[in-house]
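**Student:** Got a sequence here, can you build the structure:
(one chain, ligands or ions: 1)
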Amino acid sequence: MTSTPQGPSLDLDLFSDEALTDPFPLYQLIRDTAPAVYLPRYDAWALGRYADVRAALADWESFSSAQGIGLNDLANAATRGMIIATDPPEHDKLRNVLAARLSPKAIRQLKEDIERRADELVEPLVQGREFDAVNDLARAFPISIVLDLIGLPQDGRDKVLGWADAAFSASGPPGARTDAAFPLLQDQLAYLSGIRPEELTPGSMGRAIYDAAAEGKIAQESCVPLMSAYVTAGLDTTINAISNAVWYFARNPEQWDLLRRDPSLIPSAFNEVLRMEAPVQFFCRVATRDVDIDGVPLPAGSRLMMLYASANRDERKWDDPTRFDVTRNPMDQLAFGYGMHGCAGQGLARLEGHSILAALARRVERFEVGEPVRRLNQLIRGLDALPVVVHPAAA
Ligand code: HEM
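**Tutor:** Residues are numbered from 1 along each chain as shown. Prediction:
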């Protein structure tokens, strides 16, 4: 855009250390100011209210992903062709390849194995009484599951997590954090490009991508971006959801008691953790025509930030939104997005989260946590360390 847009505007920095540590007061300000607020630092409009975010996510024809979901041109160019940055018909071809492997039926077949893995991980941690809920629990679990499902060779796996974190942060606004993250996004793409299809475990999700290309269902050059979607989207997101769950239950022991007394609350509790702390804070869309956001007119070409994390705490939608309540059952929370790009892996993420909560509920009476260390990432909200002491449940 060449001229300064007209309309409600706030000169906020959403990416300072302070804002990344606690963005919620700024989200509140955005919600209180207007349905869409122009942020001049990023030449983008922030949508913070639930109804507006959801309505925009539902309308991909007016709010396109194909010009990138980030806040800088380099990352938007580098992620071109990734599923998350496409519109139909390209999007649907890519999504079909993933959908077959992430469908409810496919996920049901993984249930027994993932529940067993959760038990095997949690049992010795609880016996040892003290562990780091991020490194020993939340990271260890999705890494072993997701990388096995993709079928990645063992060589190089140790770097995948750092790359995934950076792949998200690289989509922030131009600046030092983006500059630091961007080369790692390129490293991830170079690593994935170097893997030959036959190195991927036969029958794995990764191999299915290359099979689809061999059958002409997708273009050969879509394989690496699709692999990147799995590797990036399937790790930090679930990792943060699991460590946030421990953090919230440690600070709300009465909610842990409720869940332990009635484990059928686990799906509701997992949604509630995601509502309180959306692991992905936002992705962008670009308006393909002049649009109206609840009375705020925006010209075609405007870039819009879909603030999932703010929408999930919008007082217009949620009763007492900052109260953590495992009985709330917020099935329509927006941490997985909504509409056509709504998280393709949410069945798997839920299975992982539910299995870990169930394994903990059977064994832990109380969590005591030390000071959490926050990991500052421009798109992802989560912890880097969370020391925990557990009080085991009576046998
Ligand atoms: C708690 C865990 C997770 C959260 C919070 C999460 C969040 C999200 C969000 C917000 C989107 C929407 C993007 C948009 O609106 O543009 C998304 C898309 C996606 N997610 Fe997840 N995700 C999680 C776990 C996973 C897992 C485990 C996988 C796969 C292994 C996965 C794969 C994907 C893919 C492939 C997309 C792109 C879908 C599309 O563009 O059509 N996610 N996720």
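**Student:** which bits of the stretch 1-150 of the chain sit near the ligand?
**Tutor:** Neighbours of the ligand within the stretch 1-150 of the chain, by Cβ under 6 Å from any ligand atom: Leu57, Ser65, Ile69, Ile83, Ile84, Arg95, Leu98, Val146. (C-beta placed from N, C-alpha, C; glycine too.)
**Student:** hmm, 5 Å instead?
**Tutor:** Residues of the stretch 1-150 of the chain found near the ligand (Cβ under 5 Å from any ligand atom) are Ile83, Ile84, Arg95.
**Student:** Quickly note the distance from the first one to Ala99.
**Tutor:** I take that to be Ile83. Look at Ile83 and Ala99: by Cβ to Cβ, to the nearest Å, they are 11 Å apart.
**Student:** same question, Arg323
**Tutor:** Counting by Cβ to Cβ, the gap from Arg323 to Ala99 is 35 Å.
**Student:** if we can go back for a sec, out of the residues of the stretch 1-150 of the chain next to the ligand, who has the most neighbours?
**Tutor:** Ile83 (24 neighbours; other Cβ atoms under 10 Å).
**Student:** for the chain, what helix or strand is lowest in average pLDDT?
**Tutor:** Least confident helix or strand, the chain: helix 157-169 with a mean of 87, by mean pLDDT, DSSP states H and E.
**Student:** ok so, going back, what is the nearest of the residues of the stretch 1-150 of the chain next to the ligand to Ala233?
**Tutor:** Ala233 lies nearest to Ile84 out of those, by Cβ to Cβ, at 7.5 Å.
**Student:** Give the intersection of the neighbour lists for Ile83 and Ala99.
**Tutor:** Common neighbours of Ile83 and Ala99, using Cβ atoms under 8 Å, 6 or more residues apart in numbering, are Ala344.
**Student:** Please enumerate the helices of the stretch 51-200 of the chain.
**Tutor:** All helices of the stretch 51-200 of the chain, identified by DSSP state H, counting those that start in this stretch, fall at 73-78, 90-102, 104-128, 140-150, 157-169, 176-193.
**Student:** What backbone torsions are found at the residue of the stretch 201-350 of the chain at minimum distance from the ligand?
**Tutor:** The nearest approach of the stretch 201-350 of the chain to the ligand comes at Gly345, 2.0 Å away (Cβ to the nearest ligand atom). With angles defined as degrees, to the nearest 10, Gly345 sits at phi -100, psi 20.
**Student:** likewise Tyr38?
**Tutor:** Main-chain dihedrals, Tyr38, degrees, to the nearest 10: phi -80, psi 130.
**Student:** Compute the number of surrounding residues for it.
**Tutor:** 23.
**Student:** list the contacts for it?
**Tutor:** Pro5, Gly7, Pro8, Ser9, Leu10, Ala44, Trp45, Ala46.
**Student:** Wondering if the helix or strand containing Leu304 reaches the ligand at all.
**Tutor:** Applying DSSP states H and E as the criterion places Leu304 in strand 303-307. No - judged by Cβ under 5 Å from any ligand atom, strand 303-307 and the ligand are separated, with a smallest distance of 6.5 Å.
**Student:** shift numbering so it begins at 5
**Tutor:** From this message on, residue numbering opens at 5, which makes the last subject strand 307-311.
**Student:** what mean pLDDT would you report for that strand?
**Tutor:** What strand 307-311 shows for mean pLDDT is 98.
**Student:** same for the helix or strand that it is followed by, what does it pack against?
**Tutor:** Toward the C-terminus, strand 307-311 is succeeded by helix 312-315 as the next helix or strand (DSSP H and E). Under the contact definition 3 or more Cβ pairs under 8 Å, 6 or more residues apart in numbering; DSSP states H and E, helix 312-315 sits against helix 28-37, helix 54-62, strand 286-291.
**Student:** Could you export helix 312-315 as CSV, CA atoms only?
**Tutor:** Listed next in CSV are the C-alpha coordinates belonging to helix 312-315 (Å, rounded to 0.1, in the frame of the first residue of the first chain):
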residue,chain,number,x,y,z
TYR,A,312,-6.6,-16.6,17.0
ALA,A,313,-5.2,-16.1,20.5
SER,A,314,-7.2,-12.9,21.0
ALA,A,315,-10.4,-14.3,19.6
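**Student:** Which residues does that helix contact?
**Tutor:** 27-28, 31-32, 34-35, 50-54, 56-58, 281-282, 284-287, 321, 338-339, 341, 385.
**Student:** buried stuff in the helix or strand harbouring Asn275?
**Tutor:** Using DSSP H and E, Asn275 maps to helix 270-280. Going by neighbour count (16 or more other Cβ atoms under 10 Å), the buried part of helix 270-280 is Ile270, Pro271, Ser272, Ala273, Phe274, Asn275, Glu276, Val277, Leu278, Arg279, Met280.
**Student:** For Tyr42, see how far away the closest residue in space to Ser107 that isn't next to it in sequence is.
**Tutor:** By the measure of Cβ to Cβ, 6 or more residues apart in numbering, the closest residue to Ser107 outside its immediate chain neighbours is Gly351, 7.6 Å from it. Using Cβ to Cβ, one gets 37 Å for the distance from Gly351 to Tyr42.
**Student:** got it, and Asp296?
**Tutor:** For Asp296, the distance to Tyr42 - Cβ to Cβ - is 15 Å.
**Student:** and if you look at Ala339?
**Tutor:** Noted for Ala339: a distance of 25 Å to Tyr42, by Cβ to Cβ.
**Student:** Equivalent analysis for Pro157, please.
**Tutor:** For Pro157, the distance to Tyr42 - Cβ to Cβ - is 47 Å.
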